[in-house]
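K.L.:
need a 3D model of the sequence below.
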Amino acid sequence: MATGWLRGVVKEVVSGDTLVIAGTTKGPGPAPEKRITLSSLIAPKLGKRDGSSKDEPFAWDSREFLRKKCIGQPCVFRVDYLVEAIGNREFGSVFLNQQDNVAIAVVTNGWAKVRAIGKEQSPYLEDLKRAEEAAQAAGVGLWCKDPQRTSRAVRETVGQEDDAASALLSRVGKGGMVDAVVDAVLSGSSMRVTLLPTGTISLLVNLAGVQCPSVGRKAFTEARVLNRDVKLVLEGVDKYGNLFGTVLYTQPAVLPGAAAPAAPDAPPATAAVAAATEQSHLAEQLLKQGLAKCVEWSLGLMPSSAALRLRDVEKAAKAERKAIWTNYVPAPTNQTKLSDNFTGKVVEVVSGDCVVVKDATNGAERRVNLSSIRAPRPPARDRPAEAWATEAKEFLRKRIIGRPVEVKMEYTRKVLTPEMMLAGDGERLMAFGNVELVPEKVMMGGEEKQNVAEMAVARGFATVIKHRTDEERSCVYERLVACEELAKSSKRGVHSSKEPPANRVNDVSTPGSAARAKQYLPFFQRAGKMTGVVEYVLSGHRLRVHIPKEGVTIVFAPSGIKTPSRPQPAANGKPAVQGEPFAEEAFSYTREVMMQRDVEVTVETMDRGGTFLGSVVLVPQQQQQGGGAAASARPFNLALALLSKGFARLQPNVDPSRLPDGGEMVRLQQAAKEQRLKIWENWTPEMDREEGVYGDEEGYDTGATPTAANGAGASNGHGASTAAATGSFAAAAAAGGGTSTSAAAAAPAAGLRTGGRAQEVLSVTVTEVVDATEFFVQVAGEPRVAWLAEQLSAASLNDSPPIPPELKTGQLCLAQFSLDQCWYRGYVERVNRSEPMYDVFFIDYGNRERVASSKASGLRMVRTIDAAMSAVPPQAIPCCLAYIKVPEQGSDWAADARACLSSLLGGGRPFLAHVVSRERADSKAKHPKQRNGKITAVLVEPETNTNMAVEMLLAGMARLPKLRKVKDAAAREAIQAMQEYEDEARQAHRGMFMYGDPGDSDDEEPAAGGGRPGGAGRGGRR
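P.N.:
Predicted structure coming up:
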């Protein structure tokens, strides 16, 4: 090349014959530029942007050809001449790759004409003329001979209308992408673009989420996007009609003004080809170089994940003190970054965003708040719970309590709330971390780990915190934001437009609530096993349990045991109490295995302090989550576990034989003593001989099966009344040396033979034992019983005036039962007007009582009943045992037989009634007792598989009918299977066989199993 040639990079193409070329610079300032018009060429002129003048034919195509060919390309050029008359415009020659003459390329493709007149000409004029002649001959570009194509080559340009941005957004949609070319860069974060391919629409676009602080920053943007094809992602339009979007561009191999091919944000030269197809994010690049800052008002237009990405890039630029952040000083913060990782097990869910994890390494319990999320607040001292707080906590409890987790601590934060200030508390340091649930199959390469915070946010039980740029945040913040968007779109949880469910709980676990707690005792005894949730562990053996079905929270303790007492601080004038040895260890063990677990409780009785006593076991699925007996088929029983670990002892004033697992409890305690575990570390055999009975320091009787103290007769909600131990088979077997009830484990099969016929099986609870020949049951889980209890508890019966004694015999009413002072539905059997008193039959339980019509006599009351409650059929079903004959009422052994049957059926336990026959129900019967047909059934206790008829036979309180009187084959087979148990009672002289065989009265008594010999009961069906 001749002298005067310069090197540069094509920065801008103004028209089909004019370019702006940037030179190179090593300093911080802008690179020198030259505007060069190609010598001896005339290209079609572009119209004005405001539409005042139109394009000449093929002007847009000519400019686009030159732009696509030259923009961003390195070149060599020289100025051939200068024309002063038109503002010292410089005309020159430009070569790409030192060989490709740009002017000849333009003329050859027909996008410009050669100007042959004039004093100053291009040194390559002859080559240009030959190229023009070839283009004319070929009819390309401007030399097209098709008039229609020529007319279409005029671009229709219009000025930007006020609603152009909104119209484009509505047509393409938020997040839609369009192709565009950047015509001009107004500042580092704003530019004017023309939409491709037509080029008819020109818009002003601002970068969403960022803002450059000065116009001088536009050189960075110009070098990357000016006159280049870009992808424009529409983010939104503000109230002034300004369009905001994301600009994606292809990273140029060579930047204008750069001395080398690689720029600070450009890929290495060896990767230039691969990078040419990658799209760079202009806003991110500006933030990365410290040339822009995030602005909240336009970040809100972007998706949360994209906005989060920009904040992270800005944060990194601040940390590196780049460009505008050179003198940046972080604002004071109450956060501290953490980098502590550990594994453990969740022992408590405090709220929807806070858990307590037991560190597997050192056994310490650590309180972890889930990073970057906020769940509804639970209730505090003077503040009720926020909406959805209970549901959020319960959601996490069901999924993670007792489960192994991996915790990554991320930051701490000092918190001082107004409530804390009013209470005089200081700042509290809260630790935040990322908690991941580790499924069992992860070890085998199966299920993936589940992020607990993501679970809560996706279900709509927590929201994502909008952090400031300089604040620490969760390592999975982007995923949390995506989960929140999903919850919002699905309208889940806190994002729902529906009212949150009401959570009404009657808490009788607080001190002084014993009287209110006692009202629930009969219901709990009748219910048998109930499902509950351990809300809190008070001591090694005392739990606060919530019973969802009843909507009540109680204090519960296993019967017959006691753990060491925990220390108590001085309060209310009482001195401090020192704790007993191993009290905290027992408390920690119970807390780990029982805290917030689903349990099954069976209430037997209640102490004077309001603590319910009975048995508590974990539900099966909870055992697999660290319940202590995961591999065992037997449910995890807290009392047995504490005894086996040496954390508890049997109460000396309790007879173990009266406890459901008394024998096992004695064995486990003895084993713990012999191994010198915990409280037995100093035990010697001599201590058992010297030990006396000690009182219960916590003020309740831990002794435990329901006895006659619970009510002499059958009671509403008390279950069937229980008799003294002398009437039970356990006492008879102990005295007579017979087999125990476990010997009858196989006996139920004897009473379940149906000869191939389908048999009805009911789950029932015995509510009243009239005598050995009749008792009443309720079907377990019957919704009408629960509805009646709810209606009766909600009625203000104690405030209404008493009803005068005007009820008539045969009329339904409401009557107050004497033992629990609760109201139940009754039937007036007799009116004693002289007293005045009513003989009432409780139609839902089967028991009777004499009640008063007013308070004048000091007795209980009756009320009229509304139509809604009276419409519900009686829930007490008369029943008798199949295949056996029991002493009838008034006979010698009738009272003993009733006592024995009461002891077998008491406690509100559930039974399975295998119906052998059923009398036809008469809905029009006058007495409610006759409206439910009496059923004859084989009654089996499901836990022990014990047949109640076999128990009566073994106790000597029942006999089998003679086979010659039984015609039904199935009944004969069942009776033959139970013959051995009657023979055993006869040989041991138990019950009615005490003085020998009482004889046979088959002639007077019907054959058992249905009524008539070998058939169904009168008027009944099988």
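
K.L.:
excluding chain neighbours, what is closest to the most centrally placed residue in the chain?
P.N.:
Centre of the chain computed as the mean C-alpha position; nearest residue by Cα atoms, centre = their mean is residue 395, 2.7 Å away. Among residues not flanking residue 395 along the chain, residue 461 sits closest, at 5.3 Å (Cβ to Cβ, 6 or more residues apart in numbering). Heads up, the C-betas are built off the backbone N, CA and C, glycines and all.

K.L.:
now do that neighbour against residue 352, distance only.
P.N.:
Here residue 461 is placed at a distance of 5 Å from residue 352 (Cβ to Cβ, to the nearest Å).

K.L.:
any low-confidence regions in the stretch 801-950 of the chain?
P.N.:
For the stretch 801-950 of the chain, the stretches with pLDDT under 70 are 801-805, 854-860.

K.L.:
count of residues packed around residue 148?
P.N.:
By other Cβ atoms under 10 Å, the residues close to residue 148 number 8.

K.L.:
these two touch, right, residue 960 and residue 953?
P.N.:
Yes: the pair residue 960 / residue 953 is scored as a contact, 7.2 Å apart, by Cβ atoms under 8 Å.

K.L.:
okay, and the common contacts of these two?
P.N.:
Between them, residue 960 and residue 953 have 884, 978, 982 as joint contacts when contacts are counted by Cβ atoms under 8 Å, 6 or more residues apart in numbering.

K.L.:
can you pull the contacts of the first one?
P.N.:
Residues near residue 884 by Cβ under 8 Å, 6+ apart: 949, 952-953, 958-961, 978, 1008.

K.L.:
out of those, which two sit at the greatest distance?
P.N.:
Greatest spatial distance in the contacts of residue 884: 952 and 961, 13.7 Å, computed using Cβ to Cβ.

K.L.:
settle it for me: which of those two has more neighbours?
P.N.:
residue 952 (27 against 21).

K.L.:
pretty sure the more buried one sits against residue 886.
P.N.:
Yes: look at residue 952 against residue 886 with Cβ under 8 Å: they come within range, at 6.7 Å.

K.L.:
overlap in contacts, those two.
P.N.:
Common contacts of residue 952 and residue 886, defined by Cβ under 8 Å, 6+ apart, comprise 772, 897, 901, 958.

K.L.:
what's the most distant pair in these?
P.N.:
Taking Cβ to Cβ, the two most distant members of these are 901 and 958; they sit 8.9 Å apart.

K.L.:
what's the overlap in contacts for the two?
P.N.:
Both residue 901 and residue 958 are contacted by 772, 886, 952, under the criterion Cβ under 8 Å, 6+ apart.

K.L.:
sorry, back to before: helix, strand or coil for the residue nearest to the centre of the chain?
P.N.:
Recorded secondary structure, residue 395: helix (DSSP: H, G, I helix; E, B strand; the rest coil).

K.L.:
find me the pLDDT at it, would you?
P.N.:
Model confidence at residue 395, expressed as pLDDT, equals 93.

K.L.:
repeat that for residue 543.
P.N.:
95.

K.L.:
can you count the residues close to it?
P.N.:
29.

K.L.:
what is the end-to-end distance of stretch 939-948?
P.N.:
6 Å (Cα to Cα, to the nearest Å).

K.L.:
for stretch 515-526, same thing?
P.N.:
Start-to-end, stretch 515-526 (Cα to Cα) is 19 Å.

K.L.:
what mean pLDDT does it get?
P.N.:
89.

K.L.:
mind checking how far it is from the chain centre?
P.N.:
Put simply, stretch 515-526 sits 32 Å off its chain's centre (Cα atoms, centre = their mean, to the nearest Å).

K.L.:
how close does residue 40 sit to residue 581?
P.N.:
108 Å.

K.L.:
neighbour count winner among the two?
P.N.:
Comparing residue 40 with residue 581 by other Cβ under 10 Å, the one with more neighbours is residue 40, at 27 against 12.

K.L.:
can you tell me, leaving aside adjacent residues, what's nearest to that one?
P.N.:
Leaving aside its sequence neighbours, residue 40 sits nearest to residue 122 (Cβ to Cβ, 6+ apart; 3.8 Å).

K.L.:
do residue 322 as well
P.N.:
Leaving aside its chain neighbours, residue 322 sits nearest to residue 290 (3.0 Å; criterion: Cβ to Cβ, 6+ apart).

K.L.:
for residue 297, helix, strand, or coil?
P.N.:
Quick answer, by three-state DSSP: residue 297 is helix.

K.L.:
quick check, pLDDT for it.
P.N.:
On the pLDDT scale, residue 297 is placed at 82.

K.L.:
please apply the same query to residue 83.
P.N.:
88.

K.L.:
is it in contact with residue 89, as I believe?
P.N.:
Yes: using Cβ under 8 Å, residue 83 is in contact with residue 89, at 5.3 Å.

K.L.:
what mean pLDDT does the helix ranked longest in the chain get?
P.N.:
Determined from DSSP state H, the single longest helix within the chain is helix 304-319. Average pLDDT, helix 304-319: 86.

K.L.:
who are the packing partners of that helix?
P.N.:
Counting contacts by 3 or more Cβ pairs under 8 Å, 6 or more residues apart in numbering; DSSP states H and E, helix 304-319 is packed against helix 282-288, strand 293-294, helix 296-299, helix 477-490.

K.L.:
burial measure for residue 76, as a count.
P.N.:
Quick note: residue 76 (other Cβ under 10 Å) scores 17 neighbours.

K.L.:
then stretch 377-389 to PDB, C-alphas only?
P.N.:
Taking C-alpha atoms only, stretch 377-389 is exported to PDB below (Å, rounded to 0.1, in the frame of the first residue of the first chain):
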ATOM      1  CA  ARG A 377     -45.600 -15.900  62.000                       C
ATOM      2  CA  PRO A 378     -46.900 -18.200  64.700                       C
ATOM      3  CA  PRO A 379     -48.700 -16.700  67.700                       C
ATOM      4  CA  ALA A 380     -46.500 -14.900  70.300                       C
ATOM      5  CA  ARG A 381     -47.200 -13.300  73.700                       C
ATOM      6  CA  ASP A 382     -49.500 -10.500  72.700                       C
ATOM      7  CA  ARG A 383     -49.900 -11.400  69.000                       C
ATOM      8  CA  PRO A 384     -52.200 -13.900  67.300                       C
ATOM      9  CA  ALA A 385     -51.000 -16.200  64.600                       C
ATOM     10  CA  GLU A 386     -50.900 -14.900  61.100                       C
ATOM     11  CA  ALA A 387     -53.100 -16.400  58.400                       C
ATOM     12  CA  TRP A 388     -51.800 -19.800  57.200                       C
ATOM     13  CA  ALA A 389     -49.200 -20.000  60.000                       C
END
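
K.L.:
sort out for me which of the shared contacts of residue 901 and residue 958 are in helices.
P.N.:
Going by DSSP H, the helices hold residue 952 from those.

K.L.:
where in the stretch 651-800 of the chain is pLDDT low?
P.N.:
688-758, 795-800.

K.L.:
for the residue nearest to residue 395, what are its contacts?
P.N.:
352, 375-376, 388, 391-392, 395-396, 493-494.

K.L.:
out of the residues you listed, what pair is the most spread apart?
P.N.:
Using Cβ to Cβ, the contacts of residue 461 reach their maximum pairwise distance at 396 and 494, which is 14.4 Å.
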